[in-house]
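> Mind looking at a prediction? Sequence and model below.
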Amino acid sequence: MRRACLGWILSLCMMISAVSQTEAAGLFDSRNAGVKIFIGEIQSYGDYELKASAFENFADKLRQELNQQNLMAISNATVTNEEGRHSEGASGEGAVLSKIHMDAIVHGHQFEHGYAAAKLVRYADETMGRKVFYDDERVAAWKKQPQQTYFLSQGVQPAARRIAEKYGAAYLLFVNVKDVDVRLKHGLFASHTTKENRGKKMKAALDYYLINASTGRVYEGHCENRKTAQLYNLALVQGGKGMNVDELLNHVMEAQTDDIVKDMVKNGMKAVQ
């Protein structure tokens with residue numbers, strides 16, 4: 001009788017624990033529900049260029065992933081911000097978004113002065129001074145603290161708040177697609193060919209910046225996927241061997257958006273609160 005009673009009590013405790021865990025998970029989801037994240041810019045500030053269509057596809061996938069986490073992803077009509085990124089004489093919101101993105105990058109842990117686009121290098125030198133990036137001890141120490149948050153420049157923080165208020169967003173999100181590479185047998189870069197062939201190389205490395213609009217605090221996340229065989233096999237299963245390089249690139253982008261959102265929900269949003 002005692003054994004039966006003890007077994008019943010243990011079963012009841014397990015049921016209560018399971019319910020509590022479910023409620024806790026639901027509470028976390030409900031806290032995310034309705035939170036607006038403004039996607040400010042998805043661009044490449046590396047020393048190469050990628051077709052704008054690749055960034056547009058990436059943005060679509062990123063919105064879908066955020067929405068699946070009960071987060072409201074919003075953006076303006078030009079999330080790739082081609083003019084703001086590439087034009088030195090750009091004005092208006094595009095220029096402001098580019099500046100916010102560059103400010104987050106140059107203060108971050110992943111910034112590589114020698115591998116940045118010319119516009120970003122000029123901004124880094126004007127904002128922080130070139131000598132800062134040649135202080136090897138400082139750079140090494142900062143890179144060893146990848147989870148440490150930091151703040152936008154004081155002159156940039158008001159602009160970030162104004163844009164967030166305009167769109168009713170709590171956070172701003174920027175993505176710097178530094179290195180995306182899908183190669184063919186002949187080694188042609190993915191964005192410059194439409195030939196169909198079997199890909200030999202698939203990799204992606206990008207940094208994302210989640211900014212608390214009210215404080216200017218920045219969380220820098222890094223996603224890098226070099227699991228060539230895994231990515232390639234998945235792509236073949238879903239699309240077949242006849243896919244062109246743009247379709248292969250699409251699969252790489254999809255894997256990266258999944259990594260970004262998982263890290264952002266698990267670490268980024270908590271870090272900048």
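Arrived safely, thanks for sending.
> which residues in this protein form helices?
Taking DSSP state H as the test, the helices found in the chain are 2-32, 52-68, 82-86, 93-106, 118-128, 136-143, 157-167, 228-239, 245-263, 269-271.
> Bridge partners for Lys36, pull those for me.
Beta-bridge partners for Lys36, by DSSP bridges, are Met72.
> I'd say it and Leu172 touch.
No: counting by C-beta atoms under 8 Å, Lys36 does not reach Leu172; the two are 10.2 Å apart. Where you see a C-beta, it was placed from the backbone N, CA and C, and this is true even at glycine.
> neighbour count winner among those two?
Neighbour tally, Lys36 and Leu172, criterion other C-beta atoms under 10 Å: the higher count belongs to Leu172, 27 against 16.
> which residues does the nearest residue to that one once chain neighbours are set aside form a beta bridge with?
The shortest distance from Leu172 to any non-neighbouring residue, by C-beta to C-beta, 6 or more residues apart in numbering, is to Ile211 (4.3 Å). Under the criterion DSSP bridges, Ile211 forms beta bridges with Leu172, Val218.
> What separation do you get for Arg138 and Ala59?
34 Å (C-beta to C-beta, to the nearest Å).
> correction: Gly155
28 Å.
> The two: who's more crowded?
Neighbour totals were compared for Gly155 and Ala59, and Ala59 leads with 20 against 10 (other C-beta under 10 Å).
> residues contacting the more buried one?
Ala59 makes contact with 39, 42, 75, 79-80 under the criterion C-beta atoms under 8 Å, 6 or more residues apart in numbering.
> still on that earlier bit, in contact with the residue nearest to Leu172: list those residues for me.
Contacts of Ile211 by C-beta under 8 Å, 6+ apart are 100, 104, 152, 160, 171-174, 217-219, 272.
> Those residues into TSV, with extra columns for distance to Glu93?
Formatted as TSV, the contacts of Ile211 follow (distance: C-beta to C-beta, whole Å):
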residue	distance to Glu93
Ile100	10
Ala104	17
Leu152	17
Ala160	12
Tyr171	17
Leu172	12
Leu173	16
Phe174	14
Arg217	22
Val218	20
Tyr219	23
Val272	22
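> Now tabulate those residues in CSV and tack on pLDDT and distance to Met264.
Shown next, in CSV, are those (pLDDT from 0 to 100; distance: C-beta to C-beta, whole Å):
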residue, pLDDT, distance to Met264
Ile100, 97, 17
Ala104, 98, 14
Leu152, 98, 18
Ala160, 97, 17
Tyr171, 97, 9
Leu172, 97, 12
Leu173, 97, 8
Phe174, 96, 12
Arg217, 98, 14
Val218, 98, 12
Tyr219, 97, 8
Val272, 95, 10
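> Most neighbours of all the residues you listed, which one?
Going by other C-beta under 10 Å, Ala104 tops the contacts of Ile211 with 29 neighbours.
> nearest residue to that one other than its sequence neighbours?
Tyr209 (4.0 Å).
> go on, Gly46?
In space, Gly46 comes closest to Lys178 once its chain neighbours are excluded; the distance is 4.4 Å by C-beta to C-beta, 6+ apart.
> and if you look at Ala160?
Counting by C-beta to C-beta, 6+ apart, the residue nearest Ala160 is Ile100, at 5.3 Å.
> go on, Ser153?
Asp103 is the one closest to Ser153 (C-beta to C-beta, 6+ apart), at 5.3 Å.
> Now for that neighbour, how many residues are close by?
Close neighbours of Asp103, defined as other C-beta under 10 Å, add up to 27.
> ok, now which ones touch it?
So Asp103 contacts 123, 127, 152-153, 156 (C-beta under 8 Å, 6+ apart).
> same deal with Ala95?
Going by C-beta under 8 Å, 6+ apart, the list of residues near Ala95 reads Gly84.
> so what pLDDT did it get?
Predicted confidence (pLDDT) for Ala95: 91.
> And it, how far from Gly155?
14 Å.
> neighbouring contacts of stretch 255-268?
32, 58, 61-62, 64-66, 68-69, 71, 147, 173, 175, 204, 206, 208, 210, 219, 221, 223, 225, 231, 234.
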